[in-house]
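> Sequence and predicted model, in that order:
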Amino acid sequence: MCKGISILKARLKQELFDQYELAHRITTRGEATQQELHFMYPGASPIELPVIQDGQLVIMEWGNRNNKESKLPKTGWCRLESLQAGKWRWLSPEKVVIPADFGLEKSVWFQIHEGMEGVVVHDEHERPHVYMLTTAASVYYQNMTQHDRMPVLVGQEI
C-alpha cells in the first residue's frame, strides 16, 4: 500500500497553502534542501490528501478513519479489483489523481513521477473523501517495501 506521500511545497500555490493551513505539514527529508509537505495515514486529524479534481488542486479528507457513523468504508484505500468489480458503484466513485513526488510504505520512500490514482466519493453530508487506489504489488515493490499491495501509479511502473 502507501501510508504517506510527500509533495514539494513549490508545487502548491500560496493561496492553497493558506486556505488549508498546511504550515504544520512542512518538512525536509534527510539532507534535502527543498521543503516538502507530508500527508500520512494515520496522521494528525483530519487525515488529508491533495487531489487534482476537474483540473484544480484541492485538499480532501483521506478515506474514512474516524467517523464510525458514516456508511463510507472504514479505510483509506480502494482495491482496483473491487472498483472494477462494481463493489464501489453504490458510492458513485469519481477517478482523480493524487499528486505526489514520493510515497512512503514501511519506512521506505519511493519516487513518484506523475502521481497516483484515487477515487472520490461523498459521505452522507455530501463531503468529499478520497481513497487511494491499490493493486497487487510488483515483485520490485514487494521486495522494497515488504507489502503485497501498491498504489496505482500514473504513467509509471515500479
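Received it, and whenever you're ready, just let me know what you need.
> how about low-confidence regions in the protein?
Within the chain, the stretches with pLDDT under 70 are 32, 43-46.
> Please, where are all the helices along it?
For the chain, applying DSSP state H gives helices covering 14-19, 80-84, 139-145.
> which one's the longest strand in the chain?
The longest strand of the chain (DSSP state E) is strand 128-136.
> C-alpha coordinates for it, PDB please?
Below are the C-alpha coordinates for strand 128-136, written out as PDB (Å, rounded to 0.1, in the frame of the first residue of the first chain):
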ATOM      1  CA  PRO A 128     -15.800  14.500  -0.500                       C
ATOM      2  CA  HIS A 129     -13.400  11.800   0.700                       C
ATOM      3  CA  VAL A 130     -10.600  10.400  -1.400                       C
ATOM      4  CA  TYR A 131      -9.500   6.800  -1.300                       C
ATOM      5  CA  MET A 132      -6.100   5.800  -2.800                       C
ATOM      6  CA  LEU A 133      -6.400   3.100  -5.400                       C
ATOM      7  CA  THR A 134      -4.200   0.000  -4.900                       C
ATOM      8  CA  THR A 135      -3.300  -3.100  -6.900                       C
ATOM      9  CA  ALA A 136      -1.200  -6.200  -6.400                       C
END
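> So for that strand, what gets flagged as buried?
Within strand 128-136, the residues that count as buried by 16 or more other C-beta atoms under 10 Å are His129, Val130, Tyr131, Met132, Leu133, Thr134. Glycine gets a C-beta too; all of them are placed from N, C-alpha and C.
> Cool, thanks, signing off.
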